[in-house]
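Chemist: Fold the following, please.
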Amino acid sequence: MFHHHHMGHDRAEEYGRRFAHGFFGGHRQGHWRGMRAGRFFDHGDLRYLILKLVADKPRHGYELIKAIEEAFGGAYSPSPGVIYPTLTMLEELGYTVAAAEGNKKLYTITAEGQAFLADNQAQVDAVFGRLKEAGEVYGGGRAPEIRRAVHNLRLALATRLGRGTLSQEQILAITGVLDKAASDIERI
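Modeler: Next comes the predicted model:
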């Protein structure tokens, strides 16, 4: 029994370290595509970024991931393992409220969140300045729209494959769609 309690404590400490790293910065908090990444977010930057995006428009977690990815020209996508704990923390701080919409939550900024952003406007501006620079630097090359579409395809495949074993008919249908898309793209 003591051993299980100890294991739980160790897991809690590990979760705390992971949460702190993901919330407070470092390039490991998402996925960089095709480049070596230095540290982009400083201590607390992601909190400002997410809160400002929610202030601009109420959003779901997935919408925040997409908005950040688009701001980086498709070169960086924060992981759900960073976005959702940050949203939870912002909610616990009273800076956002979440309304259930089916199995999703729509996050909206509160008056306390607006005050926090106003009090930290210089940091918010700095984060968005760096975000704009990164988008300009890494957004070149392939069109961001194409990167987004490829990402959506990968996500759809992973989601479908994650639901369980495919029948032979389903395998043929999926490969047919993919082969047709490849053929159509070659003709453009």
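
Chemist: only C-alpha atoms for contact and neighbour calcs from this point on.
Modeler: OK.

Chemist: Run through the helices of the chain in chain order.
Modeler: Remark: helices assigned in the chain by DSSP state H are 2-24, 45-56, 61-71, 80-92, 111-119, 121-138, 144-162, 168-187.

Chemist: Could you list the buried residues of the shortest one?
Modeler: Applying a neighbour-count criterion of 16 or more other Cα atoms under 10 Å, one finds 113-114, 117 buried in helix 111-119.

Chemist: just to revisit the earlier point, for residue 103, find the nearest of the helices of the chain.
Modeler: Residue 103 lies closest, by Cα to Cα, to one member of the helices of the chain: helix 61-71, at 11.7 Å.

Chemist: For that closest one, which helices and strands make contact with it?
Modeler: Helices and strands touching helix 61-71, by 3 or more Cα pairs under 8 Å, 6 or more residues apart in numbering; DSSP states H and E, are strand 76-78, helix 80-92, strand 104-109, helix 121-138.

Chemist: Tell me which of those sits most buried.
Modeler: Comparing the helices and strands packed on helix 61-71 by mean neighbour count (mean count of other Cα atoms under 10 Å), strand 76-78 comes out on top with a mean of 23.

Chemist: returning to what we had before: in terms of model confidence, name the weakest of the buried residues of helix 111-119.
Modeler: Among the buried residues of helix 111-119, residue 117 carries the lowest pLDDT, at 93.

Chemist: correct me, but that one touches residue 54?
Modeler: No - using Cα atoms under 8 Å, residue 117 makes no contact with residue 54, being 11.1 Å away.

Chemist: Residue ranges in this structure under the pLDDT threshold?
Modeler: For the chain, the stretches with pLDDT under 70 are 1-43, 73-75, 134-144, 147.

Chemist: ok, back up a step: got TSV for the helices of the chain, with distance to residue 104 too?
Modeler: As requested, the helices of the chain are arranged in TSV below (distance: least, Cα to Cα, whole Å):
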stretch	distance to residue 104
helix 2-24	21
helix 45-56	15
helix 61-71	8
helix 80-92	11
helix 111-119	21
helix 121-138	27
helix 144-162	16
helix 168-187	27
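
Chemist: Tell me which of the ones you listed approaches residue 100 most closely.
Modeler: So among the helices of the chain, helix 61-71 is nearest, using Cα to Cα, at 12.0 Å.
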